[in-house]
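Enquirer: Mind folding the following:
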Amino acid sequence: MAQDTPTTTGPDRSVTGGAQTLDDILARQRGEKVDDSFRRDATGNPDDAAGMAGQLGTLGGSSDADVWRALRYGLDDVKVSTGGPEARVLIQDGGMNWLQFRKGPLATYGAWLLGGTVALLALFYLIRGRIRIDGEKTGRTVTRFQAVERFGHWLMAGSFVVLAITGLLVLFGRMVVIPLLGHEAFSTIAIGSKWVHNNISWAFMIGLVMVFFMWVLHNIPNRTDLKWLAVGGGIFSKGVHPPAKKFNAGQKMIFWAVIVFGASISASGLSLLFPFELPMFAKTFALLNQTGLPQAVGYGELPVMLAPHEEMQLATLWHSIMAFVLTAIILAHIYIGSVGMEGAYDAMGSGEVEEQWAREHHGLWLKELQEKGEAPVHGKAATPAE
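Expert: Take a look at the predicted model:
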């Protein structure tokens, strides 16, 4: 008798009529595996149906709860007349996985990425200091960007900063804003952030298109970029000034990162604004399946039938991931264009740069302008620097 032990049969569900208990819910929230066969298999019994005269409805031996439970676990035999296979999705339970990824890996790694970028830039500034103009300033200026170029740049840059701030407020608001300001304040901030985010996104997309068409020809890689990359652009050593045309290799990498990531962010954003008109991932998954790439890395075939809710869940995650990556890149760009390099801000501020700055950082471009007569030549009359 001492060796006899009671058999563990799981939680006592008699008080809930066989339904899940609080222990089941808490275990699921802790990420523990819960045996849900007590729910999955409870889909009704036709033999328990009352006679035709005694039936109050048309479900026979199944209650409403039984039908929805069968739908939940894919045990139903639902037929729909229109809408395709995705129309059968009456219960889409991916919301919890989406929420856990959004609150967990996305927020955590995103915060580390941005925080780490800021820390590295601060460390670089402490070690390297501001990149100064090495040669003697000439007092002459060269027109680097016309007014329309600066307008397109600032339209895209200004809107992106607002989008980044409002996006971070929505993502981290519950974790940061609520403890500091309370629920009501966060509600107002979140609603306002979402409205601003949705509407200013159009300015970002317009600026993105403008910048692409204005500068794409200047950002095609060439052999000169290899020389620039070989010495790290001279940003790590004083007195090193590799040749470069209008845009050096570093600026070209930033340009293409902005175009590619910006286009991806815009596409996923449009999919979120118009989820029923512009589904994004089902067709993308179909194309990826044709390449065999998902199967090669062990994911098998990706789903090609997605409900609008699933499309939106995937779009929000992709939108956020791409935004985090681009924000980290833009932080580095802002650093170089402001406190990181002397004279760099003038290019997008007034559009005029000191001739010696142009000679050190974009020597080939300055030479081309001088040959065309569009820039002062050393020893000749010049326009005084502002």
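
Enquirer: buried set for the helix or strand that contains residue 333?
Expert: Here residue 333, judged by DSSP states H and E, is contained in helix 308-335. Using 16 or more other CB atoms under 10 Å as the burial criterion, the residues of helix 308-335 that qualify are 309-328, 330-333, 335. From N, CA and C alone the C-beta is placed, and that goes for glycine too.

Enquirer: and if you look at stretch 364-377?
Expert: Neighbour-count burial for stretch 364-377 flags 365, 366, 367, 369, 370, 375, 376 (criterion: 16+ other CB under 10 Å).

Enquirer: How far off centre is stretch 123-143?
Expert: 34 Å (CA atoms, centre = their mean, to the nearest Å).

Enquirer: which outside residues touch it?
Expert: Around stretch 123-143, the neighbours that count as contacts under CB atoms under 8 Å, 6 or more residues apart in numbering are 235-236, 238-239, 241, 335, 339-343, 351-360, 366, 369, 374-376, 378, 382-386.

Enquirer: try stretch 295-303
Expert: With CB under 8 Å, 6+ apart as the criterion, stretch 295-303 contacts 282, 285, 288, 289, 294, 310.

Enquirer: Recalculate using a threshold of 7 Å.
Expert: Identification of contacts with stretch 295-303 by CB atoms under 7 Å, 6 or more residues apart in numbering yields 285, 288, 289, 294.

Enquirer: Distance from the chain centre to that stretch, please.
Expert: How far stretch 295-303 lies from its chain's middle: 23 Å, per CA atoms, centre = their mean.

Enquirer: and what of stretch 280-289?
Expert: Centre-to-centre, stretch 280-289 and its host chain are 18 Å apart (CA atoms, centre = their mean).

Enquirer: for stretch 197-204, same thing?
Expert: 15 Å.

Enquirer: what's near enough to touch residue 229?
Expert: Residue 229 sits in contact with residue 249, where contact means CB under 7 Å, 6+ apart.

Enquirer: any idea how far residue 216 is from it?
Expert: 20 Å (CB to CB, to the nearest Å).

Enquirer: How about residue 312?
Expert: Applying CB to CB, the value for residue 312 to residue 216 is 32 Å.

Enquirer: In CSV, list the contacts of stretch 295-303 along with neighbour count and pLDDT.
Expert: Conversion of these to CSV gives the following (neighbours: other CB atoms under 10 Å; pLDDT from 0 to 100):
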residue, neighbour count, pLDDT
285, 18, 90
288, 17, 91
289, 17, 91
294, 14, 87
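
Enquirer: what about residue 206, neighbour count?
Expert: Residues within reach of residue 206, counting by other CB atoms under 10 Å, total 14.

Enquirer: Kindly list the longest helix within this structure.
Expert: Looking across the chain with DSSP state H, the single longest helix is helix 183-215.

Enquirer: Okay, buried residues for it please.
Expert: Buried-residue list, helix 183-215, by 16+ other CB under 10 Å: 186, 189-190, 193, 197, 200-201, 203-205, 207-212, 215.

Enquirer: now stretch 116-131
Expert: 117, 121, 131.

Enquirer: Export the residues you listed to JSON lines and append columns for distance to residue 99.
Expert: Below are the buried residues of stretch 116-131 laid out as JSON lines (distance: CB to CB, whole Å):
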{"residue": "117", "distance to residue 99": "26"}
{"residue": "121", "distance to residue 99": "32"}
{"residue": "131", "distance to residue 99": "44"}
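
Enquirer: nearest to residue 163, of the residues you listed?
Expert: Using CB to CB, residue 117 is the member of the buried residues of stretch 116-131 that sits closest to residue 163, with 17.4 Å.

Enquirer: From residue 208, how far out is that closest one?
Expert: For residue 117 relative to residue 208 (CB to CB), the value is 22 Å.

Enquirer: what about the strands in the stretch 51-200 of the chain?
Expert: Using DSSP state E, counting those that start in this stretch, the strands of the stretch 51-200 of the chain run over 141-143.

Enquirer: pull the helix or strand with minimum mean pLDDT from the chain.
Expert: helix 64-72 (a mean of 68; mean pLDDT, DSSP states H and E).

Enquirer: now what about the helix or strand encompassing residue 283, what contacts it?
Expert: Assigned by DSSP H and E, residue 283 belongs to helix 281-291. For helix 281-291, contacts defined as CB under 7 Å, 6+ apart pick out 294, 301, 302, 303, 304, 305, 306, 311, 314.

Enquirer: Specify the local secondary structure of the first one.
Expert: This points to residue 294. Three-state assignment for residue 294 (DSSP: H, G, I helix; E, B strand; the rest coil): helix.

Enquirer: For it, which residues are in contact?
Expert: 288, 300, 301, 302.

Enquirer: Could you verify my assumption that residue 101 touches residue 317?
Expert: Yes. Residue 101 lies in contact with residue 317 (CB atoms under 7 Å); the separation is 6.4 Å.

Enquirer: Which of the contacts of stretch 123-143 fall within helices?
Expert: Checking the contacts of stretch 123-143 against DSSP H, those in helices are 335, 355, 356, 357, 358, 359, 360, 366, 369.
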